[in-house]
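>>> attaching a predicted model along with its sequence, questions to come.
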Amino acid sequence: LYDRDPRKSSGFQVIRVVREITAGMKANAGGASRLGRGGMFSKLSAAEIAMDAGTAMIIANGGEENIIRRIVCGEAIGTLFLPKARISQKKRWLMHTPPKGRIAVDDGAMEAILKGKNLLAAGVIGVEGDFDVMSVVELCCKKICFAKALVAYSSSDLSKIRGRHSAEINAILNGVMRKNITRRENLVLINACNTQKSEKTK
């Protein structure tokens, strides 16, 4: 992995160790190759999965002689992606499952979720997409998506109760009531650091 696209610029350098894959790295990777697989972008996607699973990964030139043996013996070759703290299989699955829709929440709801609280209907201000109960969706605030979660309501029902207090839901949905839109154990944070930085700069 290089600090810039070697096909488009000179003076590039190899990044030897990666602790976090940034948006800039993905932009430099330039997307998938013309064959639709391989390419640095695909390798970064694989590295994200490995890091989230608590596993180290190395990207190196497979054309070099005895490359695997040299890596195993500790030679500094290619780019090492360091593992993150291990997360549960469920949250790892949530993190890498394509979302079926989006739920827009207000500032108070986002702050509560970042503090470990559940999402209530009162904090929902918008619903996008067509999804069923227990679908994976993104949670967004001011167009910044900060979490992915399994939801307890379909998109049609959620559109009816968004912004409402829990006491009103029973009458609106004819007896179908679940207190939380999603519970913290069914949610994983994504880009949480970027979200908090963005809020501080406003």
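Arrived safely, thanks for sending.
>>> and stretch 69-81, end to end?
Stretch 69-81 has an end-to-end distance of 18 Å (C-alpha to C-alpha, to the nearest Å).
>>> buried ones in that stretch, by neighbour count?
Residues Ile71, Ile77, Gly78, Thr79, Leu80, Phe81 are the ones in stretch 69-81 that count as buried (16 or more other C-beta atoms under 10 Å). Quick note: C-beta positions are derived from backbone N, CA and C, even for glycine.
>>> same check on stretch 103-117?
Ile103, Ala104, Val105, Asp106, Ala109, Met110, Ala112, Ile113, Leu114.
>>> would you mind measuring from the residue of the chain most remote from its centre to Pro6?
In the chain, the residue that sits farthest from the middle, by C-alpha atoms, centre = their mean, is Glu65; the gap is 36.4 Å. Distance from Glu65 to Pro6, counting by C-beta to C-beta, to the nearest Å: 22 Å.
>>> ranges for the helices of this structure?
Per DSSP state H, the chain carries helices over the ranges 23-29, 39-52, 67-72, 89-96, 107-114, 155-161, 166-172, 192-201.
>>> redo those helices as CSV? Include distance to Asn186 and mean pLDDT.
Below are the helices of the chain laid out as CSV (distance: least, C-beta to C-beta, whole Å; pLDDT from 0 to 100):
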stretch, distance to Asn186, mean pLDDT
helix 23-29, 26, 83
helix 39-52, 17, 87
helix 67-72, 38, 87
helix 89-96, 8, 85
helix 107-114, 12, 94
helix 155-161, 15, 95
helix 166-172, 18, 87
helix 192-201, 16, 42
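>>> TSV for these, including distance to Leu120?
Output for the helices of the chain, formatted as TSV (distance: least, C-beta to C-beta, whole Å):
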stretch	distance to Leu120
helix 23-29	31
helix 39-52	28
helix 67-72	49
helix 89-96	20
helix 107-114	7
helix 155-161	10
helix 166-172	6
helix 192-201	19
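>>> of all those helices, which one comes closest to Thr182?
helix 107-114 (8.8 Å; C-beta to C-beta).
>>> CA-only coordinates of that closest one in CSV, if you can.
This file holds the C-alpha atoms of helix 107-114, laid out as CSV (Å, rounded to 0.1, in the frame of the first residue of the first chain):
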residue,chain,number,x,y,z
ASP,A,107,-28.9,15.1,17.6
GLY,A,108,-30.3,13.9,20.9
ALA,A,109,-30.8,10.4,19.6
MET,A,110,-27.3,10.1,18.1
GLU,A,111,-25.8,11.4,21.4
ALA,A,112,-27.8,8.8,23.4
ILE,A,113,-26.7,6.0,21.0
LEU,A,114,-23.1,7.0,21.3
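>>> name the helices or strands packed onto that helix?
strand 136-141, strand 144-150, strand 187-189, helix 192-201 (3 or more C-beta pairs under 8 Å, 6 or more residues apart in numbering; DSSP states H and E).
>>> give the contact list for Ile87.
Asp52, Ala53, Gly54, Met95, Val188 (C-beta atoms under 8 Å, 6 or more residues apart in numbering).
>>> so how far is stretch 87-107 off the chain centroid?
7 Å (C-alpha atoms, centre = their mean, to the nearest Å).
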